[in-house]
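In: whatever this is, show me its structure:
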Amino acid sequence: MAHNANLSPEEARKANVRKILTVTAILSIVTIFEFIIAFAFPASLLRTATFLILTIVKAFYIVAEFMHLRGEVKVLIYAIVLPMAFVVWLVVALLAEGSFITDYAR
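Out: Below you'll find the predicted structure:
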């Protein structure tokens, strides 16, 4: 890692292990919270929306950490995030319209 260039090999290894454990802990906490929401609460729009938002936040965190986008230029981040936001919007819109059409046909 570039920020570990001035550290001794042992210090750099400890810093890398600490970073890996931090990322693992954060992802585990969000995942546990997702499981609690998914299985402890009755099905509702609020539960589904909260679950989707947490899943998207976790996906962005994974991309930021494992694809090393945290330190990149903002334009590159927006070039990845904005198209994904439009795809999510498209899926939500198609699901809403699809359910409207099936409800209308009855």
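In: going by C-alpha atoms from here, please, whenever you check contacts or count neighbours.
Out: Noted.
In: what is the rounded mean pLDDT of stretch 94-106?
Out: On average, the pLDDT along stretch 94-106 is 71.
In: same question for stretch 76-91.
Out: Mean pLDDT, stretch 76-91: 83.
In: residues in contact with it?
Out: Residues from elsewhere that reach stretch 76-91 (CA atoms under 8 Å, 6 or more residues apart in numbering): residue 69.
In: also stretch 28-40?
Out: For stretch 28-40, using CA under 8 Å, 6+ apart, the contacting residues are 47, 51, 54-55, 58.
In: may I ask which helix or strand encompasses residue 38?
Out: Element membership of residue 38, judged by DSSP states H and E, is helix 9-40.
In: try residue 59
Out: Residue 59 belongs to helix 45-66 when elements are defined using DSSP H and E.
In: what helices or strands is that helix leaning on?
Out: Helices and strands touching helix 45-66, by 3 or more CA pairs under 8 Å, 6 or more residues apart in numbering; DSSP states H and E, are helix 9-40.
In: run the chain-centre distance for the helix it packs on.
Out: Computed by CA atoms, centre = their mean, to the nearest Å, the chain-centroid distance of helix 9-40 equals 13 Å.
In: so what's the residue count around residue 34?
Out: A count of neighbours around residue 34, defined by other CA atoms under 10 Å, yields 19.
In: ok, back up a step: neighbour-wise, which one of the contacts of stretch 28-40 leads?
Out: residue 51 (19 neighbours).
In: which residues touch that residue?
Out: Neighbouring residues of residue 51 by CA under 8 Å, 6+ apart: 34, 37-38.
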